[in-house]
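A.B. asks: Task: produce atomic coordinates for the following.
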Amino acid sequence: MNKIWLIMQREFLNRVQKKSFLIATILVPLIFPAVIGLMVLIFVKQEQSAGKTIVEVLDESGRMNLEDNDKFDFISIQGNLDQAKTAYMHTNDFALLYIPSFELNQPEGMTLYTRENPSIRKIDDLESILEKRLQDLKLEQFNIDKETLKSLRASISLKSVNLSDTGEEKDSNTGMLYILGFVLGVLIYMFVLIYGMQIMLGVIEEKTSKIVEVIVSSVKPFQLMMGKILGIASVGLLQFSIWAVLISVLSTATLNFFDLKMPQQQAMEQVMNQVNDPEMAEAMQQNNQVFEVLKSVNEIPYLYIVFNFAFYFLGGYLLYGALFAAVGSAVDSQQEAQQFTFPITLPLIIAYFGLFMFILNDPNSTASFWFSIIPFTSPVAMVGRLGYDPPLWQLILSQVLLVGGFIFTTWIAGRIYRVGILMHGTKVNYKVLAKWFMMKN
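C.D. replies: The predicted model follows:
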């Protein structure tokens with residue numbers, strides 16, 4: 001055990017002391033918010049500087065009468081379609097919209113002519129304008145007042161409350177839980193894959209540089225493998241912890257330094273200041289979705305989430321890390337390893353797609369249960385279910401099986417590693433791996 005600790009310490013210090021680790025650990029929490037902020041700033045500036053889009057309208061039906069808005073200016077033109085297209089090609093206008101005579105119950109034939117492929121956003125905006133105008137024409141046909149129709153529409157905001165076995169009520173926000181499960185599941189998928197690949201590349205590097213032949217003269221191959229896996233795991237945990245602390249501290253410090261508030265909170269305060277009736281203000285505050293979201297964020301059990309996230313990160317990493325280490329010991333280059341990495345990563349990919357297809361859509365379904373129980377998929381699946389508060393017995397069963405899966409894969413990987421780490425120039429396939437696995441000490 002002492003030798004495993006020494007190897008683990010060597011791996012940890014060797015990676016932490018590199019400039020690349022320091023740069024990635026410190027700059028990533030700064031770069032990502034900066035990039036996102038820059039993209040948002042560019043988008044806002046582009047929207048502010050962009051002028052209105054001019055659309056020529058040839059309306060043969062004479063019924064549409066499209067009105068200008070903050071995005072489009074509609075210019076009505078006369079003549080036939082061929083003349084309109086010829087005239088349009090001599091202008092700088094965005095598009096020519098052709099509206100033929102149509103049946104109100106089955107409007108067909110509307111065409112948009114452009115010189116370049118228009119964005120899907122502008123297409124959607126134009127379709128929405130046309131659909132709204134057609135709805136108004138139908139209302140006029142049946143002598144229905146728009147205001148009357150508007151008053152008949154009802155908007156429902158269904159409040160979700162969880163009831164415990166003791167009858168205790170607890171508010172729940174499905175949208176917030178979906179986002180939480182999505183973020184946690186994707187993080188686990190990324191971390192397990194990234195740090196698992198680091199193990200494989202590290203083993204290949206030591207094997208090809210002959211360093212491993214010196215090391216195994218003092219320690220057993222299994223001890224070397226476990227030390228490397230645990231060392232890189234500690235690096236991953238340290239890096240993730242630093243990222244979490246830096247992002248939280250920097251975000252809070254920035255908001256406090258500039259005395260900023262969330263945009264939702266600013267908008268809400270402006271609305272509240274404009275309302276003079278205290279009862280009306282209180283009703284708006286109670287029904288405002290922003291306050292519901294903020295309340296849901298405050299009610300998230302962060303300690304429970306962080307503990308289980310760390311457990312599944314370690315468990316998933318150790319389970320897959322052992323297999324990546326075995327692959328690294330069996331090959332002499334990264335190119336040779338590609339044929340073996342896909343079967344290893346396949347369960348992770350299945351879990352990733354299962355996160356969106358089953359778990360986030362229905363966290364209590366049979367498929368979600370099995371995805372979160374099977375050790376090869378549980379790190380992604382169960383973490384995605386954490387926000388939905390899965391039954392305690394399922395969580396414990398999943399964790400016990402994950403530990404058992406790690407022990408099982410470590411045993412398999414250790415039997416391959418002990419032989420493969422000293423082999424050079426051997427053409428490796430699955431038959432050779434099976435031979436190494438069955439080989440006696």
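A.B. asks: Okay, Lys228 and Phe358: tell me how far apart.
C.D. replies: Here Lys228 is placed at a distance of 35 Å from Phe358 (CB to CB, to the nearest Å). Heads up, the C-betas are built off the backbone N, CA and C, glycines and all.
A.B. asks: So for these two, which sits in the more crowded spot?
C.D. replies: Each of Lys228 and Phe358 has its neighbours counted (other CB atoms under 10 Å); Lys228 has more, 25 against 20.
A.B. asks: Surely the more buried one and Asn14 touch.
C.D. replies: No: contact criterion CB atoms under 8 Å: Lys228 and Asn14 do not qualify, at 10.3 Å.
A.B. asks: what helix or strand does Leu96 sit in?
C.D. replies: strand 95-99 (DSSP states H and E).
A.B. asks: ok, then the element right after that strand?
C.D. replies: Following strand 95-99 in sequence order, the next helix or strand is strand 111-114 (DSSP H and E).
A.B. asks: what residues does the strand holding Leu96 touch?
C.D. replies: 53, 55-61, 64, 74, 81, 84-85, 88, 109-114, 118, 126 (CB atoms under 8 Å, 6 or more residues apart in numbering).
A.B. asks: Which of those residues fall within helices?
C.D. replies: 81, 84-85, 88, 126 (DSSP state H).
A.B. asks: who does the strand holding Leu96 pair up with?
C.D. replies: strand 53-59 (parallel), strand 111-114 (antiparallel) (DSSP bridges).
A.B. asks: Show me what counts as buried in the last one.
C.D. replies: Buried residues in strand 111-114, defined by neighbour count with 16 or more other CB atoms under 10 Å: Leu112.
A.B. asks: any idea how far it is from the chain center?
C.D. replies: Strand 111-114 sits 36 Å away from the centroid of its parent chain (CA atoms, centre = their mean, to the nearest Å).
A.B. asks: Report how many residues lie close to Gly227.
C.D. replies: 22.
A.B. asks: check contacts around it.
C.D. replies: Counting by CB under 8 Å, 6+ apart, Gly227 has contacts 3-8, 10-11, 219.
A.B. asks: helix/strand/coil for the residue lying farthest from the centre of the chain?
C.D. replies: Distance from the C-alpha centroid of the chain peaks at Gly79, with 51.7 Å (CA atoms, centre = their mean). The local conformation at Gly79, judged by DSSP: H, G, I helix; E, B strand; the rest coil, is coil.
A.B. asks: For it, give me phi and psi.
C.D. replies: Dihedral pair for Gly79: phi 110, psi -170, per degrees, to the nearest 10.
A.B. asks: Leu360 too?
C.D. replies: phi -70, psi -30.
A.B. asks: can I assume it is in contact with Gly384?
C.D. replies: Yes: contact status for Leu360 versus Gly384: in contact at 6.2 Å, counting by CB under 8 Å.
A.B. asks: In terms of neighbours, single out the busier of those two.
C.D. replies: Taking neighbours as other CB under 10 Å, Leu360 and Gly384 compare with Gly384 leading, 33 against 21.
A.B. asks: That one belongs to a strand, doesn't it?
C.D. replies: No: counting by three-state DSSP, Gly384 is not found in a strand; it is helix.
A.B. asks: now the lengthiest helix in the chain, how far from the chain's geometric center?
C.D. replies: Ranked by number of residues, the top helix in the chain under DSSP H is helix 221-257. Computed by CA atoms, centre = their mean, the separation of helix 221-257 from the middle of its chain amounts to 20 Å.
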